[in-house]
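**Student:** Here is the input, now give the coordinates:
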Amino acid sequence: MRSGNSSSGHSDSSGTAADAASTGRGGSSSADKQKEKARVSRTSLILWHAHQNDCAAVRKLLEEDPSLVHARDYDSRTPLHVASLHGWIDVAKCLIDHGADVNAQDRWKNTPLADAEGAKKHNMIEFLTSYGGLSYGQNGSHFEPKAVPPPLPNKCDWEIDPSELDFSNSAIIGKV
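**Tutor:** A predicted model of the protein is given here:
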């Protein structure tokens, strides 16, 4: 904080950003960095509390910042994905009551229901289904039988039939 802010009539935090921006010293980028750091911190908090089944903390964070219901981690997973994977129905209900997308997809295109199915969280499966949850994922529902395709042959040199090779203009390399 700069010492000149107290006489300007501004609070320290808003005066600093405004003063820096007006002097052209990049104060807005500093303010932007602080906002981004706070957003990442809040995102981490809601994901952590969803993981820990702390419904009260999740509710408090959502009351302070309703946009956190749509927070995403590095794999594009939402707090509802996290709660669904662990079977935390109270946290999931809180998130849905605050507007969470029950069919949000992560980086692998998995929905919270697909995660609950994969973790065999039967109560969560019923709960999400009752809210219109669909099971999408990279390979569809975890409960659907999947055909295993046959392996594709590798196109390696050793697969060439030696009779197809022409050695008429070749030279021997190495010891004879």
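**Student:** can I assume Gln105 is in contact with Leu113?
**Tutor:** No: with contact defined as CB atoms under 8 Å, Gln105 does not count as touching Leu113 (10.7 Å). C-beta: built from backbone N, CA, C; applies to glycine.
**Student:** Quickly list what's touching both of those two.
**Tutor:** Common neighbours of Gln105 and Leu113, using CB atoms under 8 Å, 6 or more residues apart in numbering, do not exist here.
**Student:** between these two, which one's more packed in?
**Tutor:** The residue with the greater number of neighbours, taking Gln105 and Leu113 and applying other CB atoms under 10 Å, is Leu113; the counts read 28 against 19.
**Student:** Who's the closest spatial neighbour of that one, skipping the chain neighbours?
**Tutor:** Of all residues not flanking Leu113 in the chain, Gly133 sits nearest, at 3.8 Å (CB to CB, 6 or more residues apart in numbering).
**Student:** Identify the residue nearest the geometric centre of the protein.
**Tutor:** To find the centre residue of the chain, average its C-alpha atoms and take the closest one (CA atoms, centre = their mean): that gives Ser76, at 2.0 Å.
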